[in-house]
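Novice: whatever this is, show me its structure:
(chains A and B)
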Protein chains: 2
Amino acid sequence: MTDFTAKHESLLARAIEAIGARTWFSAYPESASPKVYGETAKADGDAAFEALLGKSLPFDDAHPNERLAGAETSPYGKPLGVRYPTASVDTLIAASAAAGDAWGRAPVEARAGVLLEALARLNRQSFLIADAVQHTSGQSWGMAFQAGGPHAQDRGLEAVAYAVAEMRRIPGAVSWEKPQGKGEPLRLEKRMRVVPRGIAVEIGCATFPTWNLYPGLFASLATGNSVIVKPHPAAILPAAITLKILREVLIEAGFDPNVALLAADEPSAPIAKDLVQRPEVKIVDFTGGPVFGSWLRQSLTDKLVFTEEAGVNAIVIDSTANFRAMCDNIAFSLSLYSGQMCTAPQNVFVPASGIETDEGCKSFEEVAKGIAQAVDRLLADAGRAQTVLGAIQGDATLARVKDCVALGRVVRASTSVEGVARSATPLILAVEGGDVAAWREERFGPISFVIATGSTADSLSLAEASIRDKGAITAALYTTSEAVAEEAERAFARANVALSINLIGNIYVNQSSAFSDYHVTGGNPAGNASLTDSAFVANRFRVAPVRRMTA
Amino acid sequence: MTDFTAKHESLLARAIEAIGARTWFSAYPESASPKVYGETAKADGDAAFEALLGKSLPFDDAHPNERLAGAETSPYGKPLGVRYPTASVDTLIAASAAAGDAWGRAPVEARAGVLLEALARLNRQSFLIADAVQHTSGQSWGMAFQAGGPHAQDRGLEAVAYAVAEMRRIPGAVSWEKPQGKGEPLRLEKRMRVVPRGIAVEIGCATFPTWNLYPGLFASLATGNSVIVKPHPAAILPAAITLKILREVLIEAGFDPNVALLAADEPSAPIAKDLVQRPEVKIVDFTGGPVFGSWLRQSLTDKLVFTEEAGVNAIVIDSTANFRAMCDNIAFSLSLYSGQMCTAPQNVFVPASGIETDEGCKSFEEVAKGIAQAVDRLLADAGRAQTVLGAIQGDATLARVKDCVALGRVVRASTSVEGVARSATPLILAVEGGDVAAWREERFGPISFVIATGSTADSLSLAEASIRDKGAITAALYTTSEAVAEEAERAFARANVALSINLIGNIYVNQSSAFSDYHVTGGNPAGNASLTDSAFVANRFRVAPVRRMTA
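Specialist: Model (predicted):
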């Protein structure tokens, strides 16, 4: 039995410091360079990935295994054929409950040690995870490496740091002495023990199967809950590899590995509803669409439900000191992973009367065209197009791109990408502010609207109202006016959405940096929780207080 | 316009320190002695109270006033006749929303200054508040002073301290610099502004109209929300006096006093449901019965709902080294405010085969009688009986005492108290562990059960299961065995209830000390939140992040 506490003590301390400062911090290098991860890392990762295909995943024997599940196919056309041991909801719940007891009573620091060891090993397996993320989500390999590997690991570490910091606020043992005037004080010895809620179910999504999974997974585990991961049926493998590694560390540390279970299912027989309704389940983390998100929030009124759902991300263009760089920046944000990021812009509000720029006044049409041309420039090289766009994760998104063509005037048509089976470049439509049936719904995928408005004030008002109503994770503003910037800050603060101002160059509105950016605010319909803040962790555990008379 | 920040800075710092240590701390003296509060404090308070009776409460002119409401009667028979300005839900919501904007944008420290100034003034009005609490709740004057005055003020300060500490974790301004190998780092200037949720509705109870109100009220205000207080129709006056003082300070500090509104109603026309269902209302704090509590939790799925509801508090008697002191201690806990404290024990589990004590083995019957006789001793003096018992708050409780006589074998009959119109001394019934229909429901008021069990292990098992199922705020244990104590700690930790072991003398299981004891754990059906911890405050605000390219 290995105690991993001391090994990771200093990183944990550094991470706890980082969540206080929220300046730039990262524990896991985002560069896939051989100099960082070793000369054979890529080849080893690829070999490990190939070795998993067409077989049942080699979990340890303790994992419930009544049957095999799994029917993933790669958006790139590669057959996967991985099968996962699984069991009935009854069996999974019983195994999780049995494993949870000792885990919940383990010292906070011991649990953190296990989780940081798992993150360290996950980091070493980042190339394997990149392949698994690429061939489930459809992300390009480079993005799958960064977002699925080190960036996700940073989000996991951040969650552990928040959880540990929060649990450390519970003082443990306290000597309480109440003065009684001239008499002897009243005295009690108090113990305040952190206790978990019970079982946490982590429901993953298909587009970011690790990045969106790790915060809830690691927060629930750190606070002593046992977890059951229910990945999206199209993206089980990245979660399964994560759990395999977690379970190995749990075993080495002397815990029942069923603290971290996989609940794989297939689209034809979904089990999430059965699972989360079990009374033993006290916490649910969910990333996905608002239909199921809403069902979770409405149905599970006596459980903690943390959701990231959908939204209509907005860009308001008022004016710019660098028209070309602005168009390039927006074009990249619309194109990256074919607009399948929850942070990708959808609605670009531009005054019908045009805008002031460093290239003189640009009409509404010129702004729309400027963005479309920037997309064309970005994607002109086929190799770069593949790298930026990746593949389309699901058929529904491909169908949506086709269906949406009718919603406005086409400024840029969507095309397929050479060499990628399921692909679509950005569709850009021009509409009027009044065409609310078109732009005021989430159109997930590479679909965006350039919306003609009466003025920048009108743009802000439309953007704010749509976000308050439909949610958003990101908003962006381009302006040369400080007054407009202040007005926008107020409007987007009321809509409680993260605002980025005048981004150009290599920083994009879609990017959310662990330890610094709060991902989702929890204050509009895009999600009811933020990654990560105190509220995300503080209720995942409770305190069991005991007080005794001193002899 | 007065800024109260600096005036209360050091107390705020001390309170924030106290929530970290959770040792004994109190800011407001609990002694009603003239040496502490001044020679004329009692007479001044009584005069101020009398001056309010039979009139409409003199709020400032800004409070919505479409009609007068209020129909309180004192449990001691004294006519109150106070009438309160009120208005339609539409008017109240509009006034609250209008006032909330500037309050939500005020600096955290400025809001804390206003709230600490209000607490200081509330403290100076503790004698007036004591009268108001006594003649609405039915508490004896001494208890009304302590619990309704300084102890409630401590709970308010504690909530402000938690809220400020939590908001201070948001760094405000951050310079973010991401290294780019040998290139220039990426740079963003980030601002992370605390924003409130919106309107908070605080629903008060009749038994502790300030103690249970202040945590939610002060937590919501500190985090920038405007509040509407909907007191129990039988106990409006203590809330109204509180709001009057709060509003005076708000005005002096330059805020719209409608940041803190009163929504008075009458039993014949309750408005709470209409109020809380308004979309502008984002937070609800509730203390009261599980019927309405459950409705709130089930209905308001997209709001934050914090509840304290009901439970079956338990005492497990295994053995004792001081039989008489144990019986005295339990007798006091059963008698204090006629068992109307949410922390009062209801179920006393005793092995049918008896227990070991310093007076030799005591049979089940002797234990039950020992407690009953201790109650008789405590209440033998009529003056002390009045002081300990107070009055019965509502007719329903009086009726319940009568009805419950049939539920078991009467060990001690309930009697009335001379000189108190609505009164009832503790009814103690003996039942079997299997008589679950009797003891496994909350019987609010001076009603308790001594329950014969197979063994202490059986007692613990019955207590744990009943608390997991029905909730509890307190549990107590008497034992001379360390093994039993450990077993009990585990059982009550699983039920997530606060446990007190071997209390004798002047410390009682019913007492919950601000800054040290977590009141309600939030982990069993007695309530979904704890007073006070990070989880109680961290979600009452959100962050509005803005990031900008540096020039």
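Novice: stretch A:320-338 near chain B at all?
Specialist: No - residues of stretch A:320-338 contacting chain B under C-beta under 8 Å from any C-beta of the partner chain: none, with a closest distance of 9.7 Å. Just so you know, the C-beta spots here come from the backbone N, C-alpha and C atoms, and that holds for glycine as well.
Novice: buried ones in that stretch?
Specialist: By neighbour count with 16 or more other C-beta atoms under 10 Å in any protein chain shown, stretch A:320-338 contains the buried residues A:320, A:322-338.
Novice: within range of chain B, give me the residues from the stretch 151-300 of chain A.
Specialist: Going by C-beta under 8 Å from any C-beta, the residues of the stretch 151-300 of chain A near chain B are A:166, A:169, A:171, A:174-180, A:186, A:188, A:190, A:192-193, A:195, A:197, A:297-298.
Novice: what of the stretch 351-500 of chain A?
Specialist: With the criterion set to C-beta under 8 Å from any C-beta, the stretch 351-500 of chain A comes near chain B through A:485, A:489, A:492-494, A:496-500.
Novice: burial count for the closest residue to A:Glu266 other than its chain neighbours?
Specialist: Closest residue to A:Glu266 apart from its sequence neighbours, by C-beta to C-beta, 6 or more residues apart in numbering or on different chains: A:Ala71 at 4.8 Å. The tally of other residues near A:Ala71 (other C-beta atoms under 10 Å in any protein chain shown) stands at 16.
Novice: for A:Leu52, see how far away A:Pro85 is.
Specialist: Relative to A:Leu52, A:Pro85 is positioned 14 Å away (C-beta to C-beta, to the nearest Å).
Novice: with A:Ala498 instead?
Specialist: 37 Å.
Novice: give me the more crowded residue out of those two.
Specialist: More crowded of A:Ala498 and A:Leu52, by other C-beta under 10 Å: A:Ala498, with 27 against 20.
Novice: which helix or strand contains the closest residue to the more buried one other than its chain neighbours?
Specialist: Nearest non-adjacent residue to A:Ala498, counting by C-beta to C-beta, 6+ apart: B:Pro545, 4.5 Å away. Per DSSP states H and E, B:Pro545 falls inside strand B:541-549.
Novice: where in the stretch 1-150 of chain A is pLDDT low?
Specialist: Across the stretch 1-150 of chain A, nothing is flagged by pLDDT under 70.
Novice: what residues does it put near chain B?
Specialist: Residues of the stretch 1-150 of chain A found near chain B (C-beta under 8 Å from any C-beta) are A:20-24.
Novice: now list the buried members of the residues you listed.
Specialist: A:22-24.
Novice: roughly how far does A:Glu441 sit from A:Pro290?
Specialist: Counting by C-beta to C-beta - A:Glu441 and A:Pro290 are separated by 10 Å.
Novice: comparing the two, which residue is more hemmed in?
Specialist: A count of neighbours by other C-beta under 10 Å puts A:Pro290 above the other of A:Glu441 and A:Pro290, at 18 against 14.
Novice: tell me where the stretch 1-150 of chain A has helices.
Specialist: Assigned by DSSP state H, counting those that start in this stretch, the stretch 1-150 of chain A shows helices spanning A:5-21, A:34-37, A:41-52, A:89-105, A:108-124, A:126-137, A:141-148, A:150-168.
Novice: and the longest strand anywhere in chain A, what other elements does it pack with?
Specialist: Among the segments of chain A that qualify as a strand by DSSP state E, the longest is strand A:183-196. Judged by 3 or more C-beta pairs under 8 Å, 6 or more residues apart in numbering or on different chains; DSSP states H and E, the packing partners of strand A:183-196 are helix A:89-105, strand A:173-180, strand A:541-549, helix B:482-494.
Novice: so which of these is the most surrounded?
Specialist: strand A:541-549 (a mean of 23; mean count of other C-beta atoms under 10 Å in any protein chain shown).
Novice: what's the angle from that one to strand A:173-180?
Specialist: Our comparison of strand A:541-549 with strand A:173-180, counting by axes from the mean of the first three to the mean of the last three C-alpha atoms, to 10 degrees, yields an angle of 50 degrees.
Novice: now for strand A:541-549, which elements pack on it?
Specialist: helix A:150-168, strand A:183-196, helix B:482-494, strand B:498-501.
Novice: would you map the helices across the stretch 151-300 of chain A?
Specialist: With helices called from DSSP H, counting those that start in this stretch, the stretch 151-300 of chain A shows them at A:214-222, A:237-252, A:272-277, A:290-299.
Novice: where's the residue of chain A most remote from its centre relative to B:Arg490, distance?
Specialist: Farthest-out residue of chain A from its mean C-alpha position, per C-alpha atoms, centre = their mean: A:Lys182, at 58.9 Å. Relative to B:Arg490, A:Lys182 is positioned 40 Å away (C-beta to C-beta).
Novice: repeat that for A:Leu115.
Specialist: 25 Å.
Novice: do A:Leu531 as well
Specialist: The value you get for A:Leu531 to B:Arg490, if C-beta to C-beta is used, is 34 Å.
Novice: re earlier: of all the helices and strands packed on strand A:183-196, which one is nearest B:Gly311?
Specialist: Of all the helices and strands packed on strand A:183-196, helix B:482-494 sits nearest to B:Gly311, with 12.6 Å by C-beta to C-beta.
Novice: ok so, going back, could you identify the most distant pair in the residues of the stretch 1-150 of chain A next to chain B?
Specialist: Farthest pair in those, by C-beta to C-beta: A:Gly20 and A:Trp24, 13.7 Å.
Novice: so how many other residues sit close to A:Met1?
Specialist: So A:Met1, with other C-beta under 10 Å, has 7 neighbours.
Novice: repeat for A:Cys361
Specialist: Residues near A:Cys361, counting by other C-beta under 10 Å, number 11.
Novice: next: the one 5 residues further on.
Specialist: The local packing count at A:Glu366 equals 18, with neighbours defined by other C-beta under 10 Å.
Novice: ok, it to chain B distance?
Specialist: 23 Å (C-beta to the nearest C-beta, to the nearest Å).
Novice: residues contacting that residue?
Specialist: For A:Glu366, the contact set (C-beta atoms under 8 Å, 6 or more residues apart in numbering or on different chains) comprises A:Gly354.
Novice: state the helix or strand in which it lies.
Specialist: Here A:Glu366 is assigned to helix A:364-379, by DSSP H and E.
Novice: and that helix, average pLDDT?
Specialist: Averaged over helix A:364-379, pLDDT sits at 98.
Novice: how about it: buried residues?
Specialist: Quick answer for helix A:364-379 (16+ other C-beta under 10 Å): A:364, A:366-375, A:378-379.
Novice: coming back round to it: of the helices of the stretch 151-300 of chain A, which approaches B:Leu460 most closely?
Specialist: Nearest to B:Leu460 among those is helix A:214-222; the distance by C-beta to C-beta comes to 28.4 Å.
Novice: now the angle from the closest one to helix A:237-252?
Specialist: Going by the same axes, to 10 degrees, helix A:214-222 makes 20 degrees with helix A:237-252.
Novice: that older thread, parallel or antiparallel, list what pairs with the strand holding B:Pro545.
Specialist: Here strand B:541-549 is paired, per DSSP bridges, with strand A:498-501 (parallel), strand B:183-196 (antiparallel).
Novice: quick one, phi/psi of the residue sitting nearest the centre point of chain A?
Specialist: Compute the mean C-alpha point of chain A, and by C-alpha atoms, centre = their mean the closest residue is A:Asn212, 2.7 Å away. Main-chain dihedrals, A:Asn212, degrees, to the nearest 10: phi -90, psi -10.
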